[in-house]
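Q: pasting the sequence and the predicted model now:
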Amino acid sequence: MKVNEIFYSLQGEGKWTGLPNIFIRTTGCNLRCSYCDTKYAYYDGKEMSVNDIYNKIKSYSCNNVCITGGEPLEQNETFDLIDLLLKNKYKIGLETNGSKSIKNLINKKSLLISLDIKCPSSKMQMKNCFENINLLRKNDQLKFIIKDKKDFDYAKKIIKKYNPACDVFLQPLWRTNPSLIASWITNDNLNVRLGLQIHKILWGDKKGV
């Protein structure tokens, strides 16, 4: 499979925020979000076998793995990688953009699925696979990236319609005022979490962190 980068850092988003993670960033994405911060992963990377990846991450003293992209589910080998890591007792978080079905992942009990639903500012909302929301389990997470009130209202409508079983995160687009989004959440009594990208707060918008 084609891999853009492998690195060790702190998880900056979602339920695992602040936890050390080994990050495996796959190459390739089927979406082109207007605000994408990982455009370098669209094409750049090198071919690695699943065993090569496993041997690489064994050098880190960490049991948490985040498989991200790009879009990991663009490559069939991602499923083999997940199975190998689960077999070797790694805890895995898979970050997926919400356009690909997750039905072949929900039987994997030790896998945390982090699913995006794209809002209008992304210009990719027409690619959302809404059926995925009903497949999410209690220990998974659902994320909306919020740029403005239109995005917020869109997310609120989706949350009300599908009533997801898992935690929901509203994540301000980087350099968007998070206090404004926080006020929208509290004013509407929305049962969600405000998610901040702490890796960007700590290190800025850089690769490998």
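A: Everything's here; your move. Numbers count the residues shown, from 1 in each chain.
Q: middle-most residue in the chain, spatially?
A: What sits nearest the mean C-alpha location of the chain, by CA atoms, centre = their mean, is Glu95, with 3.0 Å.
Q: looking at that residue now. What's its pLDDT?
A: For Glu95, the pLDDT comes out at 98.
Q: my reading is that it lies in a helix. Confirm?
A: No: counting by DSSP: H, G, I helix; E, B strand; the rest coil, Glu95 is located in no helix; its state is strand.
Q: show me what contacts it?
A: Residues near Glu95 by CB atoms under 8 Å, 6 or more residues apart in numbering: 66-69, 72, 114, 116. Bear in mind the C-beta positions are built from the backbone N, C-alpha and C, glycine included.
Q: the residues you listed in strands, which ones?
A: Mapping the contacts of Glu95 onto strands (DSSP state E) picks out 66-68, 114, 116.
Q: what pLDDT does the nearest residue to Cys166 once chain neighbours are set aside get?
A: If the residues on either side of it in the chain are set aside, Cys166 comes closest to Asp140, at 4.3 Å by CB to CB, 6 or more residues apart in numbering. pLDDT, Asp140: 98.
Q: any idea how far Ile133 is from Asp140?
A: 10 Å (CB to CB, to the nearest Å).
Q: which residues are common contacts for those two?
A: Leu115.
Q: quick one: the ones in strands among the contacts of Glu95 as TSV, columns for neighbour count too.
A: Rendered in TSV, the data for the ones in strands among the contacts of Glu95 read as follows (neighbours: other CB atoms under 10 Å):
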residue	neighbour count
Cys66	24
Ile67	24
Thr68	22
Ser114	24
Asp116	24
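Q: pLDDT and distance to Phe7 added to those, as CSV?
A: Below are the ones in strands among the contacts of Glu95 laid out as CSV (pLDDT from 0 to 100; distance: CB to CB, whole Å):
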residue, pLDDT, distance to Phe7
Cys66, 98, 10
Ile67, 98, 13
Thr68, 98, 11
Ser114, 98, 18
Asp116, 98, 21
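Q: I'd like those as a markdown table, with distance to Gln125 appended.
A: Below are the ones in strands among the contacts of Glu95 laid out as a markdown table (distance: CB to CB, whole Å):
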| residue | distance to Gln125 |
| --- | --- |
| Cys66 | 25 |
| Ile67 | 24 |
| Thr68 | 21 |
| Ser114 | 18 |
| Asp116 | 11 |
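Q: could I get the buried residue list for the lengthiest helix in the chain?
A: Longest helix in the chain by number of residues (criterion: DSSP state H): helix 149-162. For helix 149-162, burial by neighbour count (16 or more other CB atoms under 10 Å) applies to 151-152, 154-156, 158-159, 162.
Q: so which residues of this protein form helices?
A: Taking DSSP H as the criterion, the chain carries its helices at 50-57, 77-87, 149-162, 178-187, 198-203.
Q: outside of the longest one itself, list whatever touches it.
A: Residues external to helix 149-162 that are found in contact with it (CB under 8 Å, 6+ apart): 117, 119-121, 125, 130, 133-134, 144-146, 168, 170, 181, 184, 188, 190, 192.
Q: give the contact list for Leu111.
A: So Leu111 contacts 82, 86, 92-94, 105 (CB under 8 Å, 6+ apart).
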